[in-house]
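[1] Let me see the structure of the following:
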Amino acid sequence: MTIISVKGFSQNYILWWEDEFDGNSVNTSNWSLETGDGCPSLCGWGNNELEWYQPQNAEVNNGRLIITAKEESVGGKDYTSARMKSKSKVEFTYGKVEARIKMPTGQGMWPAFWMLFADPVNGGWPMDGEIDIVELVGHDNDKIYGTIHYGAAWPNNKQYGGSYKLASGTFASSFHTFSVIWDSSKIRWFVDSTLYFTADHADVFPYDWPFNKDFYILLNCAVGGDWPGSPNASTVFPQTMEVKWVRVYKKANMVSVPTIDGPDPVKVDLSSNPMGGSGRIYVESNVNRSATIQITDINGRVIFNHSVQLDSGSWHSLDMENVTPGAYLLTLTGSDFTWTEKIIRK
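    Numbers count the residues shown, from 1 in each chain. As a prediction, the model looks like this:
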């Protein structure tokens, strides 16, 4: 069971997941590292990129993820870099998603912090959507972009986005926080808490709004491609994309559960319902108390049982990975309270 302490950025959201890059290597419980150039299914990653992705170009040092783009020949390519994704490990619908990043610079550099659909329910890209939280092209290093991709199959795909330009300095000279707040009605883009772009259902009409299901996170630094162009004699290698942390917050929708003793209710929230294989329950208590989380099927058979210590607020994982889709009963029990909720394993 994983317990994550709460770091609130507003009273309406609670921290759901984070990677602080505080180890000595990429945490493979959170990320998968890709290898290759996208071939044979998507050569050049669909953008005529020039790099070969390899895991060794992503390192964790001194509390930072460092993705390094190098000029070296591997796999028939002249450059290497890294691309990592949280697919099948960290997937979610809605929330505030943010990272603190210092960008690379130079002609041909193309770093990105973005999200893709977890499952292709509408036929794949772009019909199932892409959310680019931040992209930068290295020859224009004081300007970043936020974009959604949607529409019909290529070449009838569509995109809609905005940009933000620094008043002074570059995004390669210091760290900045890049965020989206994503809910059922719209997506908003921020740089250092400054709102600079919003997209909603009306902006994609007459196409469907595909941003209403689970997405996962990607971090990568491409070299070359249709948008940034190729590196040239002015490009200095190696270049690094440094990330201090990535965080996902969920909007609080807590239920207050009364206790027998009265004045100190327990507050409970589910990350999602219906839920996939890795659901979570948030429990907050002003008084330290022990409790048990139990999930039973319709016949009363216990499929999950775990004892927890309640505190000022923590998320607790619900291991539903090998559970058959259907309806179940979740019960949270302490010495002076009981809370039950019907949950759906989708």
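[2] Confirm for me that Tyr196 is in contact with Gly162.
    Yes - look at Tyr196 against Gly162 with C-beta atoms under 8 Å: they come within range, at 5.9 Å. Placement of C-beta: from N, CA and C, glycine included.
[3] what's the overlap in contacts for those two?
    146, 189 (C-beta atoms under 8 Å, 6 or more residues apart in numbering).
[4] Show me where the protein dips below the pLDDT cut-off.
    Residues of the chain that meet the criterion pLDDT under 70 lie in 1-11, 261-263.
[5] Okay, domains of it per the record?
    Following automatic domain parsing, one finds the domains of the chain at 3-250, 253-345.
[6] quick one, which of those domains is packed in tightest?
    Compared across these, domain 3-250 shows the largest average neighbour count, a mean of 18 (mean count of other C-beta atoms under 10 Å).
[7] which residues pair with Gln159 across the strands?
    Gln159 has these beta-bridge partners by DSSP bridges: His149.
[8] residue contacts, it?
    Per C-beta under 8 Å, 6+ apart, neighbours of Gln159: 126, 147-151.
[9] TSV for these, including distance to Asn273?
    Formatted as TSV, the contacts of Gln159 follow (distance: C-beta to C-beta, whole Å):
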residue	distance to Asn273
Pro126	29
Thr147	31
Ile148	26
His149	29
Tyr150	26
Gly151	31
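[10] Now flag whichever of these is closest to Arg64.
    In terms of C-beta to C-beta, no member of the contacts of Gln159 lies closer to Arg64 than Thr147, at 25.8 Å.
[11] Please tell me how far the closest residue to the closest one other than its chain neighbours sits from Arg280.
    Excluding the flanking residues, the one nearest Thr147 by C-beta to C-beta, 6 or more residues apart in numbering is Gly161, at 3.2 Å. From Gly161 across to Arg280, the span is 31 Å (C-beta to C-beta, to the nearest Å).
[12] cool, Thr259 as well?
    22 Å.
[13] Pull the residues that contact stretch 12-31.
    Here stretch 12-31 makes contact (C-beta under 8 Å, 6+ apart) with 4-8, 33, 55, 58-61, 63-65, 84-86, 89-90, 92, 95-96, 243-252, 269, 271, 280, 282, 313, 315.
[14] Leaving out sequence neighbours, find the closest residue to the spatially most central residue of the chain.
    Residue closest to the mean C-alpha point of the chain, counted by C-alpha atoms, centre = their mean, is Ile217 at 3.8 Å. Setting aside the residues directly before and after it, Ile217 is nearest to Ser86 in space (C-beta to C-beta, 6+ apart), at 4.5 Å.
[15] contacting residues for the one you found?
    Neighbouring residues of Ser86 by C-beta under 8 Å, 6+ apart: 30-32, 216-218.
[16] Report how far apart the opening and closing residues of stretch 329-342 are.
    5 Å (C-alpha to C-alpha, to the nearest Å).
[17] bridging residues for Lys102?
    Here Lys102, judged by DSSP bridges, has bridge partners Glu242.
[18] tell me the contacts of it?
    By C-beta under 8 Å, 6+ apart, the contact set of Lys102 is 171-176, 240-242.
[19] Same question for Pro265.
    Contacts for Pro265 (C-beta under 8 Å, 6+ apart) come out as 256-259, 337.
[20] Can you lay out those as TSV showing secondary structure and distance to Ile14?
    Below are the contacts of Pro265 laid out as TSV (DSSP: H, G, I helix; E, B strand; the rest coil; distance: C-beta to C-beta, whole Å):
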residue	secondary structure	distance to Ile14
Ser256	strand	15
Val257	strand	16
Pro258	coil	21
Thr259	coil	21
Phe337	strand	20
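[21] on that earlier part again, any idea which of the contacts of Gln159 is closest to Ile133?
    Of all these, Ile133 sits closest to Thr147, with 9.2 Å by C-beta to C-beta.
[22] For that closest one, pull up the helix or strand it's in.
    Using DSSP states H and E, Thr147 sits within strand 143-151.
[23] C-alpha coordinates for that strand, PDB please?
    Presented in PDB, the C-alpha positions along strand 143-151 are these (Å, rounded to 0.1, in the frame of the first residue of the first chain):
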ATOM      1  CA  LYS A 143       8.300  31.200 -25.800                       C
ATOM      2  CA  ILE A 144       6.300  28.100 -24.900                       C
ATOM      3  CA  TYR A 145       3.200  26.500 -26.300                       C
ATOM      4  CA  GLY A 146       0.100  24.700 -24.900                       C
ATOM      5  CA  THR A 147      -2.000  22.700 -27.300                       C
ATOM      6  CA  ILE A 148      -4.800  20.100 -27.700                       C
ATOM      7  CA  HIS A 149      -5.000  17.700 -30.700                       C
ATOM      8  CA  TYR A 150      -8.300  16.200 -31.700                       C
ATOM      9  CA  GLY A 151     -10.500  15.800 -34.800                       C
END
